[in-house]
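Trainee: Quick one: sequence plus predicted model below, questions after.
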Amino acid sequence: MEKGSSICSRGNGMLDVAVVGCGYWGPNLIRNLVENGSCGRVVCCDVDDDQLERLSRRYPDLYYTTDFDEVLRDGGVDAVMIATPVSTHHELAKKAIQARKHTFVEKPLSFNVEQGTELIELADAHGVTLMVGHTFEYSPPVLKIKELISQGELGNIYYISSTRVNLGLHQSDISVVWDLAPHDLSMILYWLEEAPARVFAMGKAFVQKGIPDVAFVSMEFASGVIAHVQVSWLSPSKLRRTTIVGSSKMLIYDDTQNIEKVKLYDKGVDFKDPETFGEYHLSYRSGDIVSPKLDTCEPLKAEVEHFLNCILTQETPRSDGRSGVRVVRVLEAMERSMKEGRAVECMLHDTVA
């Protein structure tokens, strides 16, 4: 079906949107929808009456329901944003798409590749937008890094190292890999425009039996880039730090900093063919450190705006269903690698661009 053929009910650039799951993350989506000029009615749906009661005190003019089917039957609701536990993503998104609602799903898109692929096929068949919440792809530092890499500022990328650790929040239905690694994966795949060819992951469940809370993941890309991601719910301090080393320059992205989140280092090592016996082969370069100017917009605000705009313009979202499935495929490879204790092949020949 042609996307958006008869689905946007307003016809005046306004959309009615339902947020399903109003616990930890849902209120952030609701706040951004309330503040967005393209959003008309906001419907809040959650099975927890107390949660809706608390929200209604803050937003008395919104609509509240504990019945997801009521949202699906409401012909005025154009879009659904799902912020529920990962194990429910597929079932809720599938019903929303079949009810011809444009659908946004928080990361990760689904519990496995088959579920995510089914959602893509259903969205295509019903002509609705499907988008996944890879919020960092809308973050000014991440966009700036993408720009620097694309412009060749760092030269050829050698490796990427990322650390995302803190104390908690332990999840009951997914491991730390499925909870935290989608952030780093979505960024790395977005920057490199390439998916890993091989993955090796080592993790362990120290607190909850059978649910790893610490993981170390290594990835190898067909281009020769290697990457390492450390994720943990068991760390004394919160770290959100990514290092990218290229042949020309190096970069550090620290998302915990209020200012100067990105620093570009004119540092490197040059190899020189010796002209005389005993001449040193390497010369170390250490130049300026530059912190590029960044936009100050909230990533989630930009993400919500992008979702609504894609519905109205029928543009394909930057983080569409296919982007979501790429990340899920790598997560599956990580999970398999941890269980089997070996490196596993991961979608050879697949590219992000």
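Mentor: Looks like it came in fine.
Trainee: Look up phi and psi at the residue most central in space within the chain.
Mentor: The centroid of the chain falls nearest to residue 134 when counting by CA atoms, centre = their mean (2.4 Å). Phi and psi for residue 134, reported as degrees, to the nearest 10, are phi -90, psi 80.
Trainee: Next, the contact list for it, please.
Mentor: 107, 182-183, 186, 190, 319, 323-324, 327 (CB atoms under 8 Å, 6 or more residues apart in numbering). In short, each C-beta sits where N, CA and C put it, glycine included.
Trainee: need the longest strand for the protein.
Mentor: strand 234-246 (DSSP state E).
Trainee: List the buried residues for it?
Mentor: Buried residues in strand 234-246, counted by 16 or more other CB atoms under 10 Å: 235, 239-246.
Trainee: Please identify which of those is nearest to residue 114.
Mentor: Nearest to residue 114, judged by CB to CB, of these is residue 242 at 30.7 Å.
Trainee: Arrange the contacts of residue 134 in JSON lines, one row each, with secondary structure and pLDDT as further columns.
Mentor: Output for the contacts of residue 134, formatted as JSON lines (DSSP: H, G, I helix; E, B strand; the rest coil; pLDDT from 0 to 100):
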{"residue": "107", "secondary structure": "coil", "pLDDT": "97"}
{"residue": "182", "secondary structure": "helix", "pLDDT": "97"}
{"residue": "183", "secondary structure": "helix", "pLDDT": "97"}
{"residue": "186", "secondary structure": "helix", "pLDDT": "98"}
{"residue": "190", "secondary structure": "helix", "pLDDT": "97"}
{"residue": "319", "secondary structure": "coil", "pLDDT": "98"}
{"residue": "323", "secondary structure": "helix", "pLDDT": "96"}
{"residue": "324", "secondary structure": "helix", "pLDDT": "97"}
{"residue": "327", "secondary structure": "helix", "pLDDT": "97"}
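Trainee: Among those residues, which one sits closest to residue 169?
Mentor: residue 183 (14.2 Å).
Trainee: Am I right that residue 123 is in contact with residue 321?
Mentor: Yes: counting by CB atoms under 8 Å, residue 123 touches residue 321, with 6.0 Å between them.
Trainee: For those two, indicate the residue with more neighbours.
Mentor: Higher neighbour count among residue 123 and residue 321: residue 321, with 28 against 23, using other CB atoms under 10 Å.
Trainee: Check what pLDDT that one gets.
Mentor: On the pLDDT scale, residue 321 is placed at 98.
Trainee: hang on, isn't it packed against residue 113?
Mentor: No: judged on CB under 8 Å, residue 321 makes no contact with residue 113 at a distance of 11.5 Å.
Trainee: Could I have the CA atoms of the helix or strand that contains residue 218 written out in PDB?
Mentor: Element membership for residue 218, per DSSP states H and E: strand 214-221. Written as PDB, here are the backbone C-alpha positions of strand 214-221 (Å, rounded to 0.1, in the frame of the first residue of the first chain):
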ATOM      1  CA  VAL A 214      28.500  -7.000  32.400                       C
ATOM      2  CA  ALA A 215      29.700  -7.600  28.800                       C
ATOM      3  CA  PHE A 216      32.800  -6.900  26.700                       C
ATOM      4  CA  VAL A 217      32.200  -7.000  23.000                       C
ATOM      5  CA  SER A 218      34.700  -6.900  20.100                       C
ATOM      6  CA  MET A 219      33.700  -6.400  16.500                       C
ATOM      7  CA  GLU A 220      35.500  -6.600  13.200                       C
ATOM      8  CA  PHE A 221      34.300  -4.900  10.100                       C
END
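Trainee: Buried residues, that strand. List them.
Mentor: Here strand 214-221 shows 214-215, 217-221 as buried, counting by 16+ other CB under 10 Å.
Trainee: which strands and helices sit next to it?
Mentor: Contacts defined by 3 or more CB pairs under 8 Å, 6 or more residues apart in numbering; DSSP states H and E place strand 214-221 against helix 176-192, strand 196-204, strand 226-232, helix 321-340.
Trainee: again, only this time at 7 Å
Mentor: In terms of contacts (3 or more CB pairs under 7 Å, 6 or more residues apart in numbering; DSSP states H and E), strand 214-221 is packed against helix 176-192, strand 196-204, strand 226-232.
Trainee: Relative to residue 191, how far out is the nearest residue to residue 345 once chain neighbours are set aside?
Mentor: Distances taken as CB to CB, 6 or more residues apart in numbering place residue 198 nearest to residue 345, at 5.9 Å, with adjacent residues excluded. Distance from residue 198 to residue 191, counting by CB to CB, to the nearest Å: 18 Å.
Trainee: Now residue 243. Nearest residue, chain neighbours left out?
Mentor: residue 161 (4.7 Å).
Trainee: now the one you found, what's its secondary structure?
Mentor: In terms of secondary structure, residue 161 is strand; the call rests on DSSP: H, G, I helix; E, B strand; the rest coil.
Trainee: pull the CA atoms of stretch 156-163 into PDB?
Mentor: Taking C-alpha atoms only, stretch 156-163 is exported to PDB below (Å, rounded to 0.1, in the frame of the first residue of the first chain):
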ATOM      1  CA  ASN A 156      40.900   6.300   7.700                       C
ATOM      2  CA  ILE A 157      39.200   5.000  10.800                       C
ATOM      3  CA  TYR A 158      41.400   2.500  12.700                       C
ATOM      4  CA  TYR A 159      39.300   1.600  15.700                       C
ATOM      5  CA  ILE A 160      36.400   2.700  17.900                       C
ATOM      6  CA  SER A 161      36.300   2.000  21.700                       C
ATOM      7  CA  SER A 162      33.200   2.700  23.700                       C
ATOM      8  CA  THR A 163      32.300   2.500  27.400                       C
END
